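A.B. asks: curious how this folds, go ahead:
(one chain, ligands or ions: 1)
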Amino acid sequence: MNPPHLAIAIDGPVASGKTTVARRLADRLNLLYLDTGAMYRALANVALHTGTDVDNEPAIARLLETHRIEVGLDRTAPLGFRISVDGVELAERTLQSSEVTAIVSTIAAHPRVREAMVHEQRRIAAAGDVVMAGRDIGTVVLPGAPVKIFLTASVRSRVARRRTQLAAAGVDVDEHRLFEEIEERDRLDRSRAVSPLVTAPDAHIVDSSDQSVDQTVDELVTIVERQRAGGV
Ligand code: DC
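C.D. replies: Below is the predicted model:
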């Protein structure tokens, strides 16, 4: 599927820096921004509040019919976009809570959940020029995206970043636990049957381990400009 608008797909593992980088890139290029992980996290939060068994795929998929998860693209919003459930906007603290994080990979592995999310993400991308961050944007959601980035970083730097990110959101987690959590979520994201985390063959692989956010964003801007100029 070729999106009619400019779409920049940014995929990568947990804490590779993709949401920060994607948002900054969107600001630099004056594009809209969406972190698709927030949609899976919003559903995980509904599952928590309704006491739904996370392994029960039909019950989890039904939550998408009984609850309204809405996304609004607005770079001035605290997250860089808005996401609400039944009209109530979710804050980063809720989306990044350890309770949500503990179950979100299981929820994101259900094929029926993915189908609904991918459908919605394509609809969003068709409405405007967007930088979309996730795990399967370049491979499944927008395989026709003209620019695809696969952002990687060493586990050590990802643990450090995740810790900083969580601390800023008011969540305190110890380093050892974070290390284990990141490795486990990587394993789940890469091994799931539907849309596992893989690098699109036409993605630019960017390793941000030893780069500042600005350096990574500069590298991405160069890639986008080269692509727009007709290069590779
Ligand atoms: O990027 P994140 O940690 O907020 O993602 C939360 C979960 O959602 C993670 O387990 C991977 C999953 N996810 C996905 O499967 N596909 C996406 N496009 C985005 C996130």
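A.B. asks: report pLDDT for R187.
C.D. replies: According to the prediction, R187 has pLDDT 89.
A.B. asks: and it, what element?
C.D. replies: Under the criterion of DSSP states H and E, R187 resides in helix 175-191.
A.B. asks: that helix - contacts with which helices or strands?
C.D. replies: helix 98-108, helix 155-168 (3 or more CB pairs under 8 Å, 6 or more residues apart in numbering; DSSP states H and E). Placement of C-beta: from N, CA and C, glycine included.
A.B. asks: any idea which of these scores lowest on pLDDT?
C.D. replies: Across those, the lowest-scoring stretch is helix 155-168, with a mean of 87.
A.B. asks: what's the angle from that helix to helix 175-191?
C.D. replies: Calculated by axes from the mean of the first three to the mean of the last three CA atoms, to 10 degrees, helix 155-168 forms an angle of 110 degrees with helix 175-191.
A.B. asks: follow-up on the earlier one: out of the helices and strands packed on helix 175-191, flag the one nearest the ligand.
C.D. replies: The ligand lies closest, by CB to the nearest ligand atom, to one member of those: helix 98-108, at 3.6 Å.
A.B. asks: is any part of that closest one close to the ligand?
C.D. replies: Yes - using CB under 6 Å from any ligand atom, helix 98-108 reaches the ligand at V104, S105, A108.
A.B. asks: over to stretch 80-98 now: how far is its first residue from its last?
C.D. replies: Length of stretch 80-98, first residue to last, CA to CA, to the nearest Å: 21 Å.
A.B. asks: all numbers from here: first residue = 680
C.D. replies: Okay, residue one is now 680; in that scheme the one you just asked about reads as stretch 759-777.
A.B. asks: and the host helix or strand of E744, C-alpha only, in PDB?
C.D. replies: Secondary structure from DSSP H and E places E744 in helix 736-745. Output in PDB follows, covering the C-alpha atoms of helix 736-745 (Å, rounded to 0.1, in the frame of the first residue of the first chain):
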ATOM      1  CA  GLU A 736      -7.600 -12.800  22.700                       C
ATOM      2  CA  PRO A 737     -11.400 -12.600  22.000                       C
ATOM      3  CA  ALA A 738     -12.000 -10.800  25.300                       C
ATOM      4  CA  ILE A 739      -9.100  -8.300  24.600                       C
ATOM      5  CA  ALA A 740     -10.300  -7.700  21.000                       C
ATOM      6  CA  ARG A 741     -13.800  -7.100  22.300                       C
ATOM      7  CA  LEU A 742     -12.500  -4.200  24.400                       C
ATOM      8  CA  LEU A 743     -11.800  -2.400  21.100                       C
ATOM      9  CA  GLU A 744     -15.600  -2.600  20.400                       C
ATOM     10  CA  THR A 745     -16.700  -1.600  23.900                       C
END
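A.B. asks: near the ligand, which residues of the protein?
C.D. replies: Checking the chain against the ligand by CB under 6 Å from any ligand atom, the hits are 693, 715-716, 719-720, 783-784, 787, 813-816, 864, 868.
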